[in-house]
Each structure stands twice: as structure tokens, then as C-alpha cells.
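# Predicted structure and sequence below. I'll ask about it afterward.
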Amino acid sequence: MRLALNCGCGEIEQFLGQYSHFGAPVKDLSRFEALCHKLGDPQDKLRYIHIVGTNGKGSVAEFCASSLAAAGFTAGKFTSPYVRSVCERIAIGYPDGLYEISCADLARLLNKVTDAAEQCGGLEFSQFEILNAAAFLFYAEKQVDWVVLEAGIGGTLDSTNVIKQPECAVFTSIGLDHTKILGGTVEEIARSKCGIIKGGNAVAALDIPEPAMEVIRERCAQTGARLITPDRSELEILEKPGLRGSRFRYRGQEYRLNLGGAYQVTNALTAIEALTCAGVTPAHIAMGIERARIPARMELLPGDILLDGGHNPQAARAVRSALEDSGYEHRTAFIGMMNTKDHRAFLQEILPCFDRVYFCDGFSEGEVPAEELRRISGLDGAEIFHSPREALKFARRDREGGLMYFGGSFYFAAAVREYLV
């Protein structure tokens, strides 16, 4: 199967569907190395800020790419998941804004990657690997100054780790997620990620659990990497974090955040330290952080509608904290989740902060049935909806004031967003 160069995003998604979500299990990176070598090793022509973490990767990636662009660099940004289009995942930040890869360019590069994959002796590649390879080709073609590279799952055995030593290896958080793949303790999960440290600089966010930090320190000692953590004593909150953002001073520079939630201050500090390693000035970092916008991540839209794709217990705690400090007296939740997530733990964390709760499905093949979410929650009387559009229509018609939260999955938040933006 090959893609026509005039195809649309839907056809690209269908094309990627011929590959599995995870590919064959891996014990090393030799499979992806073979594919990249067939393509001329485009990853070796680029320099990177490589980002791993349980939560916060997308925010830190956005802060980094936006700030590098504000400083006059061209900055590739490879992230996941996407909200509107698969083309979002491969973008370049220029001084005048962020531009996604076109469908024509992505189709052309995917055909090239597929041809190379077929020459790799029957190796079974994942959708992520195929798209990752296309991203490396695109950024090498465009000769970008930097690539902000977000890992998929883990880090050590993630295809993004095929790169040589990054300028900076970044850890945004370490928590229990993808435990069937990465391990059941924070130490195991830290080990699954810290293979991205290969020397140079490593930045670890505030509040990473000490057992995980010990693993990161050990890896830095083994590789000779310099470990940097933000200095909490240099932080001054100027405007309390809320759903519309916050303002703070760090190391003498004032920053304005337009992303909601106190945890975004932590993400911003992590990005500031990584960008400082990359030689970006505080003034340009401040400009980039203020410009940063991320769809479906604590995104407050007109009509007091909040979209958030956070899907694990750590994300639930962060959202709950933000909502409890939001000033909204009445809060209503519409929740949809995927069956690969710990939906029981997520619901236990987030449900107490809502007056009313509804459950929804009808947005993805891998969703949890709304009836199952209702059963797990113990809210036997909770109403359910079988499409995001149906849930949104009900919310707009029967709202009683206050905030309406749509979350539990990026797929669900994205499906709702489609009818709002």
C-alpha cells in the first residue's frame, strides 16, 4: 500500500493502521537502527533536547520548541498523541509560529520509510517507529537547528533513543503508568527511561520521587552527565496559578504562563533549565513560554468548558488540585477513558471534586464502555452517553452554571474539541 501525494489525514491514518501499535517486542534498538540505516541515518544530522516522563512531556516540549523559535532558531517538535490531525505530531517552530508537516510531505516520507522497512528482512515495525523515522527524515531535509524529541513509552528502548548523545536529556516526572511494559515501581520505570542519558546535560524536574532520582543520579555518574534540577529557592510566585495561567519570577526573570494548573509552573521550570543548557536567553525563554498553547491540556474554552487529556492517577491529582483552587463553586464532569489506562485509580482520584458526573463512550475502538466506568465509580445513577457530540449537546442544554470538564483521555477530549473549535 502506497499513499497518493494528494491524500488527506484520514488516508494517512488508515495507512499507518497497517502497522501495529507496538510492533514486535524489543530488547534493544537494533530493529529501528536497521530502518534508520536504510534511510541514511537522518537522525545523526540533528541535535536534540530529548524528553521523557510519565506526565508533562508535551508541555515541556511545547515550552522548549516555542522558546527556541522565539530565539530565532528553527525547532522541530516530535510529540504524541495528536488532537486534530496526525500531522500535528511532526511540526517545526519558526520565529513567526509553529507549522505542521503537510499531508503531501508526510505521505511522501511515509512511502519512503515503508520502502525501507520492506528491505529490513521482515522486521515488524510499530506505527510509532514508522512515524518517528519520517520525522527524522523531515527534520534532516529541513536542516532544522534543533529537534525537541518527545519519547513515546519509556525511553531506553523507545525508538527516539536511536539518537546519539542529546544536548540535554529531560525528565519531566516519574510515576506509575504503562506498568505492564515499564515495570511496577518508580525505580523500574526510571531505569526504563534513563537510558536517554548518554553524557552531556540531564535535567530532572522538581518532585521526582527519591527512589527514581537515585536511579537518574546513578546513570549520570556512569555516563559523566551533569545533573541539573530547578532551584525552588529562586522561584517567586507573582500570580497564583489558576485555570487561565499564572505569573512567576525565576532567577530574576519574570514569566507569564497561559496554561492552567500549578503543575505547569513545575513544567516551565524544567523547560527553563533545559533551554538554559541550550544557550537560550531568559528573555527569549520568557517570550516562548508566554506564547505556548497546547490543545486539550487544561484548555479552558468559552462557555466554561475545560478539556484535559490527562489519563493516569498523577494527572488526575493535578487536575483535581487545579479545579479545587479554580474558584468554580459548581463543577460537572464528563469522563471517557481508554482500556489501556488505570481507569479505576484515575476515577478514585478525580471524582471527589465534582458535583455531577456523566460517563461517555463512542469516541475510540479502545475505549472503556461508559457502563463499565459507571459501575467502577459506584455512581449507579450517573447518566451515560454513547457519543461525545451527544454529551456536549446535553451539557450545553442542561448546564446549571459552573465549570464543565471533559477528560480522562486525549481521544475523548479531542473528539469533544472537534465540535467546539
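Arrived safely.

# For residue 213, give its distance to residue 29.
Applying C-beta to C-beta, to the nearest Å, the value for residue 213 to residue 29 is 25 Å. From N, CA and C alone the C-beta is placed, and that goes for glycine too.

# should've said residue 342
For residue 342, the distance to residue 29 - C-beta to C-beta - is 28 Å.

# now residue 275
27 Å.

# what do you get for residue 47?
Relative to residue 29, and taking C-beta to C-beta, residue 47 is found at 19 Å.

# got it, and residue 49?
19 Å.

# same question, residue 193
Using C-beta to C-beta, residue 193 is found at 14 Å from residue 29.

# more crowded one of these two?
Taking other C-beta atoms under 10 Å, residue 193 and residue 29 do not tie; residue 193 has more neighbours (29 against 17).

# In contact with the residue lying closest to the more buried one once chain neighbours are set aside, which residues?
Leaving aside its sequence neighbours, residue 193 sits nearest to residue 155 (C-beta to C-beta, 6 or more residues apart in numbering; 3.7 Å). By C-beta atoms under 8 Å, 6 or more residues apart in numbering, the residues touching residue 155 are 50, 52, 161, 192-196.

# again, only using 7 Å
52, 161, 192-196 (C-beta atoms under 7 Å, 6 or more residues apart in numbering).

# Quick check on residue 298: phi, psi?
Reported as degrees, to the nearest 10, the phi and psi values for residue 298 are phi 50, psi 50.

# Give me the neighbour count for the nearest residue to it once chain neighbours are set aside.
Leaving aside its sequence neighbours, residue 298 sits nearest to residue 260 (C-beta to C-beta, 6+ apart; 4.1 Å). For residue 260, the count of nearby residues is 23 (other C-beta under 10 Å).

# Kindly report the same for residue 86.
Residue 86: 21 neighbours (other C-beta under 10 Å).

# Can you get me a residue count around the closest residue in space to residue 72 that isn't next to it in sequence?
The spatial neighbour of residue 72 that comes closest, neighbours along the chain excluded (C-beta to C-beta, 6+ apart), is residue 95 at 5.7 Å. Other residues near residue 95 come to 12 when the count uses other C-beta under 10 Å.

# what residues are up against residue 95?
Taking C-beta under 7 Å, 6+ apart, one finds 69-70, 72 in contact with residue 95.

# Just the buried ones from these?
Among the contacts of residue 95, those classed as buried by 16 or more other C-beta atoms under 10 Å are 69-70.

# In JSON lines: the contacts of residue 95, plus secondary structure and distance to residue 38.
Listed next are these as JSON lines, based on DSSP: H, G, I helix; E, B strand; the rest coil; distance: C-beta to C-beta, whole Å:
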{"residue": "69", "secondary structure": "helix", "distance to residue 38": "31"}
{"residue": "70", "secondary structure": "helix", "distance to residue 38": "36"}
{"residue": "72", "secondary structure": "coil", "distance to residue 38": "34"}
